[in-house]
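>>> sequence and predicted structure are below.
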Amino acid sequence: GAVVSQHPSWVICKSGTSVKIECRSLDFQATTMFWYRQFPKQSLMLMATSNEGSKATYEQGVEKDKFLINHASLTLSTLTVTSAHPEDSSFYICSAPLGTGDIQYFGAGTRLSVL
Amino acid sequence: AQSVTQLDSQVPVFEEAPVELRCNYSSSVSVYLFWYVQYPNQGLQLLLKYLSGSTLVESINGFEAEFNKSQTSFHLRKPSVHISDTAEYFCAVSDPARGYNNAGNMLTFGGGTRLMVKP
């Protein structure tokens, strides 16, 4: 099946620093990728849709300047959490649809801990 | 707008017992339906899907789900669970009418159900 790689799997950073998370589709091209945030024991909430060659589409309530998304190529999208604060600590998951987009494949997630 | 309700946040069950995880959705249009499983500290894995055709869909590890349009449900069942089935299960829907590049195939997730299989 299709594989989506997410890196790093776990990152700990100091408050005020920026953290970049990568999402790669390893064996297929993805012009669209999705970024989700998951709080402990809660469901996934869509943060934004990453579009190759154009600006990302953010969901209501998600700060564009806080969560920078760059879809650099057909196989790579990055999410940068800028000036991270403890409340940004969460599990971030990306996904990419395969083919016509009926099925999404998820990365393993990145656990961000901001001290 | 679409919404997905998973009625049970936790389901404890003994090993080898049957289990049903409930999922109901609300949508004014036809939808695609999915069940994803999440093991601790991991991402989501697709368990099974309903896109069209037979309303009963099965996974390779013994789970099945039935799409019931009249009841707008997509409950997940397994006749005999194993310890290894302990995980979080998410029901999700997408609107197939949304274009692929128009933020298409965006998933709306239910709140999740934690299946806890006891020996």
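Now that the structure is in, tell me what you want to look at.
>>> the closest residue to A:Gly107 other than its chain neighbours pairs with what?
Leaving aside its sequence neighbours, A:Gly107 sits nearest to A:Gln6 (CB to CB, 6 or more residues apart in numbering or on different chains; 3.0 Å). All C-beta atoms are positioned from the backbone trio N, CA, C, and that covers glycine. Judged by DSSP bridges, the bridge partners of A:Gln6 are A:Cys23.
>>> A:Gln6 contacts A:Ile21, correct?
Yes. If you go by CB atoms under 8 Å, A:Gln6 and A:Ile21 touch, sitting 6.9 Å apart.
>>> more neighbours: those two, which one.
Remark: of A:Gln6 and A:Ile21, A:Ile21 carries more neighbours, 24 against 21, as counted by other CB atoms under 10 Å in any protein chain shown.
>>> helix, strand or coil for that one?
Following DSSP: H, G, I helix; E, B strand; the rest coil, A:Ile21 is assigned to strand.
>>> what's near enough to touch it?
Shown in contact with A:Ile21 (CB atoms under 8 Å, 6 or more residues apart in numbering or on different chains): A:6-8, A:11, A:78-81, A:92, A:94, A:110, A:112.
>>> turn those residues into CSV, including secondary structure and pLDDT.
As requested, the contacts of A:Ile21 are exported to CSV (DSSP: H, G, I helix; E, B strand; the rest coil; pLDDT from 0 to 100):
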residue, secondary structure, pLDDT
A:Gln6, strand, 94
A:His7, strand, 94
A:Pro8, coil, 94
A:Val11, strand, 94
A:Thr78, strand, 96
A:Leu79, strand, 97
A:Thr80, strand, 97
A:Val81, strand, 97
A:Tyr92, strand, 95
A:Cys94, strand, 94
A:Thr110, strand, 94
A:Leu112, strand, 95
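>>> got CSV for the residues you listed, with distance to B:Leu56 too?
As requested, these are exported to CSV (distance: CB to CB, whole Å):
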residue, distance to B:Leu56
A:Gln6, 33
A:His7, 38
A:Pro8, 40
A:Val11, 42
A:Thr78, 40
A:Leu79, 38
A:Thr80, 44
A:Val81, 42
A:Tyr92, 35
A:Cys94, 31
A:Thr110, 36
A:Leu112, 40
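>>> do a quick rundown of the helices in chain B.
Using DSSP state H, no helices are found in chain B.
>>> so who does the residue nearest to the spatial centre of chain A touch?
Per CA atoms, centre = their mean, the C-alpha nearest to the average position across chain A is that of A:Trp35, at 3.8 Å. Taking CB under 8 Å, 6+ apart, we find A:Trp35 in contact with A:23, A:46-50, A:67, A:69, A:77, A:79, A:92-94.
>>> again, but for B:Gly110
Applying CB under 8 Å, 6+ apart to B:Gly110 gives the contacts A:43, B:4-6, B:23, B:90-92.
>>> and if you look at B:Lys78?
So B:Lys78 contacts B:18-19, B:62-64, B:85 (CB under 8 Å, 6+ apart).
>>> widest-spaced pair of those residues?
The span of the contacts of B:Lys78, defined through CB to CB, is set by B:Glu64 and B:Asp85 at 13.3 Å.
>>> these two: which is more packed in?
For B:Glu64 versus B:Asp85, neighbours defined as other CB under 10 Å are more numerous around B:Asp85 (20 against 15).
>>> how far away is the more buried one from chain A?
Distance of B:Asp85 to chain A, given as CB to the nearest CB, to the nearest Å: 18 Å.
>>> count of residues packed around the closest residue in space to A:His7 that isn't next to it in sequence?
In this structure, A:His7 finds its nearest non-sequential neighbour in A:Glu22, 4.8 Å apart by CB to CB, 6+ apart. Neighbours of A:Glu22 under the rule other CB under 10 Å: 17.
>>> perfect, I'm done here.
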